[in-house]
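Trainee: got a predicted model here, sequence first, then my questions.
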Amino acid sequence: MDRRLALELLPGIAFLVGHWVGGLFWAAGLSVVATAFAVGLRWRWDGAIPWLAVATFVLIAVLTVAGVLLDDESFVQLRPTVGGLAFAAILAVGAFTRPSLLWRTLHYKLQLTPRGWHLLHAAWVGLALLAAGANEVARQVLSTDHWVLFNVAADPALFGLIWIATRGLAEFYWDEDQDAEDTP
């Protein structure tokens, strides 16, 4: 397994173990620690600060601390909703920057036409909103134990859907004439 993929799964595994050991606050605390560890490793491996991972860490840390201080588990259950909405908003704004946010992030791997980059942004925004909405439904209708299982499974499912969308768009909108260094 690719070490980056394993690192992406670490907070979810920590969340599941924490819930099993001591409940939802333990789960949230362990996932915060695992996320901090993952951010540190990514920084060491890449030699650059992984800003999206840092933003995720700050979000989950703030909501976890608020939940613990207010003794309200709903703050922990809101983390995926708030994260999904924030990710969608950042991607939506990033679609209108030049070069676009996803181009800046992925241009070294993907050579898409300008329309392909716009559609990729739209697909990722839609998937982030879908994830936020699914979490809201799940936290309203599932027991805490079932929500924890949903939450742990949701991140790999979202990564898979993003990969499928990206791969599918790349198949249709690959720009063979575009040099990987040129902005669209």
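Mentor: Done, it's in.
Trainee: helices and strands around the helix ranked longest in the chain, which ones?
Mentor: The longest helix of the chain (DSSP state H) is helix 144-173. Packing contacts for helix 144-173, counted by 3 or more C-beta pairs under 8 Å, 6 or more residues apart in numbering; DSSP states H and E, involve helix 3-22, helix 24-46, helix 74-94, helix 114-141. Every residue, glycine included, has its C-beta placed from N, CA and C.
Trainee: that one: how far from the chain's middle?
Mentor: Relative to its chain's centre, helix 144-173 lies at 9 Å (C-alpha atoms, centre = their mean, to the nearest Å).
Trainee: now the one helix or strand Ala66 maps to: buried residues?
Mentor: Here Ala66 sits within helix 51-70, counting by DSSP states H and E. For helix 51-70, burial by neighbour count (16 or more other C-beta atoms under 10 Å) applies to Ala53, Thr56, Phe57, Leu59, Ile60, Ala61, Leu63, Thr64, Gly67.
Trainee: stretch 141-160 too?
Mentor: So, applying 16+ other C-beta under 10 Å, buried residues of stretch 141-160: Trp147, Val148, Phe150, Asn151, Val152, Ala154, Asp155, Leu158.
Trainee: related to what we said a few turns ago, in CSV, list the helices and strands packed on helix 144-173 along with distance to Thr105.
Mentor: Converted to CSV, these look like this (distance: least, C-beta to C-beta, whole Å):
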stretch, distance to Thr105
helix 3-22, 14
helix 24-46, 13
helix 74-94, 9
helix 114-141, 10
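Trainee: ok, of these, where does mean pLDDT dip lowest?
Mentor: Per-segment mean pLDDT for these reaches its minimum on helix 3-22, at a mean of 88.
Trainee: and the buried residues of helix 51-70, which two are the farthest apart?
Mentor: Spanning the widest gap among the buried residues of helix 51-70 are Ala53 and Gly67, at 21.0 Å by C-beta to C-beta.
Trainee: so who does Arg4 touch?
Mentor: Applying C-beta atoms under 8 Å, 6 or more residues apart in numbering, we find Arg4 in contact with Arg42.
Trainee: ok, now the one 4 residues further on?
Mentor: Counting by C-beta under 8 Å, 6+ apart, Glu8 touches Ala38, Asp155, Phe159.
Trainee: re the thing from before, between the helix holding Ala66 and helix 3-22, how many degrees?
Mentor: On the basis of axes from the mean of the first three to the mean of the last three C-alpha atoms, to 10 degrees, helix 51-70 is oriented at 10 degrees to helix 3-22.
Trainee: who does helix 51-70 touch, helix- and strand-wise?
Mentor: Packing partners of helix 51-70 (3+ C-beta pairs under 8 Å, 6+ apart): helix 24-46, helix 74-94.
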